[in-house]
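Asker: Structural data only, the sequence is not supplied:
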């Protein structure tokens, strides 16, 4: 049986899995992380064993992400920065700057030759992250997909607060004034793009900038962020799997050494 190289990225809201096998295309899976990372890691293991048999005997596993220490059956535990850098580089095929918008944090990663050479993480506040978008969507009675759809046709209202709690209060006040959901949705997404751009503009941006994370395949958001950065930010269809993909690639590299 061919050896498998498995990357498991336990994020704060979603967990991603990538399986690499010689002669086969990468296999990607995603599931909610839920309230307990250890339980999620167990579910992933059960699913992998149903598909591939005894994974601990014929595989090399690297865990990464927010809940990486919960993957007790992993052969190696590697930081998100290294795994996202490796995965994003492989996806785009050249040196790049990665902007990863996760559930709880936003990361800037500068990658040269497949290795991170610089990084910055905003992990002190939910503003500018997936959690902020989730909170605002719930407040407006929308799904995240509906929020983005309405944002495309709305005129953004300024949401100036840097704190998610105060920003939510701003939105509630606007709702009380009778502002349209389209304009409120546009304001929310514009606010996230501005906060992300403000974070990464402190750093050097390479000619190629790619977006990873849960909203990485959203062309509208990529266009909005590009305007804020004054540089093209590329939407990546499989960008949410960058961490898991990078973990699987690093598992292969470690196995071959």
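Answerer: Nice, I can see it. Note that this is a predicted model, so its numbers are computed, not measured.

Asker: From the centre of the chain, point out the most distant residue.
Answerer: Residue farthest from the centre of the chain, counting by C-alpha atoms, centre = their mean, is residue 177 at 34.2 Å.

Asker: Could you check how far that residue is from residue 165?
Answerer: Residue 177 is 20 Å from residue 165, where distance means C-beta to C-beta, to the nearest Å. C-beta here means a position set from N, CA and C on the backbone, and glycine is covered the same way.

Asker: can you check residue 229 too?
Answerer: 27 Å.

Asker: Those two: which is more packed in?
Answerer: residue 229 (18 against 11; other C-beta atoms under 10 Å).

Asker: Enumerate every residue touching that one.
Answerer: 197, 200, 201, 205, 209 (C-beta atoms under 8 Å, 6 or more residues apart in numbering).

Asker: List only those of the residues you listed flagged as buried.
Answerer: Buried by 16 or more other C-beta atoms under 10 Å: 197, 200, 205, 209, out of these.

Asker: what about the helices in the chain?
Answerer: Remark: helices assigned in the chain by DSSP state H are 37-52, 80-92, 130-139, 144-153, 164-176, 181-200, 219-229, 242-256.

Asker: Can you check which of those gets nearest to residue 99?
Answerer: Nearest to residue 99 among those is helix 181-200 (5.9 Å), distances taken as C-beta to C-beta.

Asker: State the distance from the most centrally placed residue in the chain to residue 146.
Answerer: In the chain, the residue lying closest to the centroid (C-alpha atoms, centre = their mean) is residue 213, at 1.8 Å. Noted for residue 213: a distance of 19 Å to residue 146, by C-beta to C-beta.

Asker: can you check residue 10 too?
Answerer: 27 Å.

Asker: quick one: contacts for residue 21?
Answerer: Counting by C-beta under 8 Å, 6+ apart, residue 21 has contacts 2, 3, 4, 5, 27.

Asker: what about burial for the residues you listed, which qualify?
Answerer: Neighbour counting by 16+ other C-beta under 10 Å classes 4, 5 among the contacts of residue 21 as buried.

Asker: Give me the lowest-pLDDT entry from the contacts of residue 21.
Answerer: Lowest in pLDDT among those is residue 2, which has 72.

Asker: My read is that it contacts residue 22, right?
Answerer: Yes. Look at residue 2 against residue 22 with C-beta atoms under 8 Å: they come within range, at 5.1 Å.

Asker: got any ranges where the stretch 51-200 of the chain has weak pLDDT?
Answerer: 56, 123-128, 162 (pLDDT under 70).

Asker: repeat that with 80
Answerer: For the stretch 51-200 of the chain, the stretches with pLDDT under 80 are 53-57, 103-104, 122-130, 160-166.

Asker: Let me know the distance separating residue 98 from residue 197.
Answerer: Separation of residue 98 from residue 197 (C-beta to C-beta) stands at 15 Å.

Asker: quick one: pLDDT of residue 256?
Answerer: 75.

Asker: quick one, what contacts it?
Answerer: Contacts of residue 256 by C-beta under 8 Å, 6+ apart: none found.

Asker: just curious, which of the buried ones among the contacts of residue 229 is nearest to residue 137?
Answerer: Nearest to residue 137 among the buried ones among the contacts of residue 229, with distances taken as C-beta to C-beta, is residue 197, at 21.0 Å.

Asker: can I get the helices of the chain in a markdown table with distance to residue 106?
Answerer: A markdown table is the format used below for the helices of the chain (distance: least, C-beta to C-beta, whole Å):
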| stretch | distance to residue 106 |
| --- | --- |
| helix 37-52 | 20 |
| helix 80-92 | 12 |
| helix 130-139 | 9 |
| helix 144-153 | 16 |
| helix 164-176 | 13 |
| helix 181-200 | 6 |
| helix 219-229 | 11 |
| helix 242-256 | 14 |
